[in-house]
Structure formats: C-alpha cells, structure tokens
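Engineer: My questions concern the predicted model and sequence given below.
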Amino acid sequence: MKGRSRKGARGFSLLEMTIATALGTIILGAAVQLYSQGAAATVTVQQRAEMQQDFRAASDMLERDLSLAGSGLGNNVQIALPATSTTPVYGCDQTTHCYINGGAVAYPKQGSTPYLYGLMPGYQFGPIVNTAGGATDSVTVAYTDSNFYLNCYSVKVTSSTNVLFQLASTLPANCVLPSTMTAPQNVNDPVVGLTPGDVIWFSVTSGSGSGATTSQIVAEVTAAPTTASPATGYTAAYNVGFSTGDVLKMNQTTAPSGSLNSVVNWTGSASRILVISYYIDTTITTPVFTPRLMRQVSGHTPMPVGENIVFMQFSYDLYNATTGAVVTNSPNAGATLSPAMTPNQITKINILHMSMDSTIKSGLFGANKGYQSMDLQTSVTARDLTFQNGYPLGGS
C-alpha cells in the first residue's frame, strides 16, 4: 500500500499575530479619534450656528424696541404720573409678581413728580450673573401701539374707575387706517383689544374755546372691556375698568392731578402705550442654571427672548438743547450730574455688552474645553426723544 503524504499547513506565528494586532489597534484608535473629532466639530458648529440664530433674534428685537423709544409720545417725550406718597412702578404683572431683580422699579422723578419717559435706563438694576462682571443693567422703553387704532375712538371719563370708549359714525381726522381696513378693531378684540395690564394714555379736555382745559392721564386697565349702548351718532361703545389697587400703581384716586378722578366727565382721545422692559432673569436653576433675557410689556407676564444671556450693560449719550451740554457714555444717563440730565435728553443708547454663552461646553479642546460665547457691542439712535439737534458740531 502506498502511504498518504502529509503536507503541513503553516499559519501565522505568534510574533506576526502580535504585530498585526498592534497595527490594527493603532489604526482603529486613529479612526475612532478622527471620528470623535469630526463629531465634536459638527456638534460645535451646529451649536454655534444655533447660538448665532438665537442671539440675532434677541438682539434684533432689543435694537428694534430701542429705536422706537418715545415714538408717538409727543415732542417732550415725558408724561407726568400721579404724584403721591405711592410712586407708580413698572416690572410687575397681573399676578402681582415683580420681576426686575425680583422687584418693582419706581418711575424716575423730577422733584416730587414721577414721569413716564420714552426711555428709562436701569443702571445695575439687574442681578449679578457672574461676580467679575458685576450687576447687570436693565432698560425700559415706551412708545404708542401703532397696530391698535384706539385713537379712532372718542373717550369719556365717566367715573374715577371707568372710561367709555365710543366709535363715531364719522371717524375723526386723526384716525388714519390702512387701505385694507374700513374701521378700527373692536376695543374688546380677542387678539389686539384691551386687556388688564395695558397702559392707556388719555388726552382729555374740559370746556371749549379759550376756556378749554386739557389734561394728560396715564392709567392701567384692570378689567376686560364690556359692551355698552352707543349714544346717538356712534356705532359701538365699550366700558373699560381702571380700578384702584392696580399692580402698576397708576390708578390713584387721591392724586390731585394725573388721575382719572381729576378729570371725571372730561372727553378726548386715547392711545395704548407699550412700556417694554428688558432684563436678565436668573430664577431658572433646574435642571441647570439658565440666565435668560426677558421682555415684559406693561403689566403683562414677561416672555423670554434669549437663553444664556450672561451680561448686559448700557451707556447713554445726552444733549441739553437749552444749555448745549453734551454727555457721552454715561452709564446712568446723567442722573448723578449736577444739574442732573433727564431721560428725554438721550440721543443715543450704547449697548456696551450683550453677552451670550453656549448651552453646553464645546468639545474641541479636551480638558480645556469651555463655553462658546458671543458679545454684541453697538449703538442705537433713539428715534423720538429730543426732537432737537442731538449731534452738535464742534468748532467755530
């Protein structure tokens, strides 16, 4: 019998296996690291793009409101408020909660009289987000609501706590409607109509001719409008309540002037004023601490416009047309100067810092990874404050 020949099958040696495993591990590790860096870079780029979008939306809204400061409030851009031991405030809503650093802010005064200005600085009125930056600023602007044609209605102050709004068959000359509208919105319109917390500016008159007396009153709506029977010559009528004890402390029947009680039975017109405050809120601490830029309108609940806004600071340029005094980059709008300047002399708002951090830390820097950040620095010219040459030229 012929024997079967065997040919040994030769495999990898231990040394070869060791080298192959080592090389494979190195290549795999490099691939994993490359993938991790690529994924981290993608997340970082997406995060930055999202932060830029959020930052742009918040800053655009702030700059728009600053540019409208004082619009529609007349040449002097200041309205006297009730002068009693109780000063009217802003920064509170209908739940009686106050928000600007956990409290209310009193309207600034000239002597003993508080005034509503087109722009009211809030130097260090906000909370401290980080110790190095110090206290943050707030800012409040006021302008008339151009989207609700309340000025098309005639008003009569029927009592110290009620005003009758009536729409005449023939619209008054100051009622200018868009071509798409034939009549103004109803006072009780569910979208744009009056609601508790709205601030209304009345211009009312008693008497006629040379004996007429005119008064300007600011009051806060405390009750939703109810329909009433219109008088002859009118097509619609609404009663609106302005009770005392309102959260903004506007409705003070004991005030000798600046209150509805002082103008009962007077007639005239009205406009809704938007009193808009921007401030940083630090009350969100769970699941993580999240400072937010808030926007509050009059006496309504504030809404967030940007998250992770960690610092906000302003300064102001002012011009006194009477004395020719010019002040630039004043953090408190000249309030501590002697003589003090008033907010209606502001010509420019300088946004020194509006800083935003990313939601999570960046993953590109290993152990040194940190938050991405953006900082806005710009200036906004207030549209309707001085109505004067606020940029005098030097030289002869």
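Structural biologist: Thanks, I have it.
Engineer: Downstream of whichever strand in the chain runs longest, the next helix or strand is which one?
Structural biologist: With secondary structure taken from DSSP state E, the chain has its longest strand at strand 267-281. Following strand 267-281 in sequence order, the next helix or strand is strand 292-297 (DSSP states H and E).
Engineer: Could you list every helix and strand in contact with that following strand?
Structural biologist: Here strand 292-297 touches helix 14-67, strand 267-281, strand 303-307, strand 309-319, going by 3 or more C-beta pairs under 8 Å, 6 or more residues apart in numbering; DSSP states H and E. Bear in mind the C-beta positions are built from the backbone N, C-alpha and C, glycine included.
Engineer: between these, which one is nearest to Lys109?
Structural biologist: Between Lys109 and the helices and strands packed on strand 292-297, the tightest spacing by C-beta to C-beta is seen for strand 267-281, at 16.6 Å.
Engineer: got the buried residues for that closest one?
Structural biologist: 268-281 (16 or more other C-beta atoms under 10 Å).
Engineer: If you count contacts, what does that strand end up packed against?
Structural biologist: The helices and strands touching strand 267-281, judged by 3+ C-beta pairs under 8 Å, 6+ apart, are helix 14-67, strand 138-144, strand 154-159, strand 199-206, strand 292-297, strand 309-319.
Engineer: run the last query once more with 7 Å
Structural biologist: Secondary-structure packing of strand 267-281 (3 or more C-beta pairs under 7 Å, 6 or more residues apart in numbering; DSSP states H and E): strand 138-144, strand 154-159, strand 199-206, strand 292-297.
Engineer: Name the strands paired with that strand and say parallel or antiparallel.
Structural biologist: strand 138-144 (antiparallel), strand 154-159 (antiparallel), strand 199-206 (antiparallel), strand 292-297 (antiparallel) (DSSP bridges).
Engineer: quick one: average pLDDT of the last one?
Structural biologist: The average pLDDT for strand 292-297 rounds to 96.
Engineer: Figure out which of the helices and strands packed on strand 267-281 is closest to Gly91.
Structural biologist: Judged by C-beta to C-beta, the one of the helices and strands packed on strand 267-281 that comes nearest to Gly91 is strand 292-297, at 6.6 Å.
Engineer: Could you export that closest one as PDB, keeping only the C-alpha atoms?
Structural biologist: C-alpha atoms of strand 292-297 as PDB (Å, rounded to 0.1, in the frame of the first residue of the first chain):
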ATOM      1  CA  ARG A 292     -32.500  84.400  30.300                       C
ATOM      2  CA  LEU A 293     -33.100  87.700  28.600                       C
ATOM      3  CA  MET A 294     -36.700  88.600  29.400                       C
ATOM      4  CA  ARG A 295     -39.100  91.100  27.600                       C
ATOM      5  CA  GLN A 296     -42.000  92.400  29.600                       C
ATOM      6  CA  VAL A 297     -44.800  94.600  28.100                       C
END
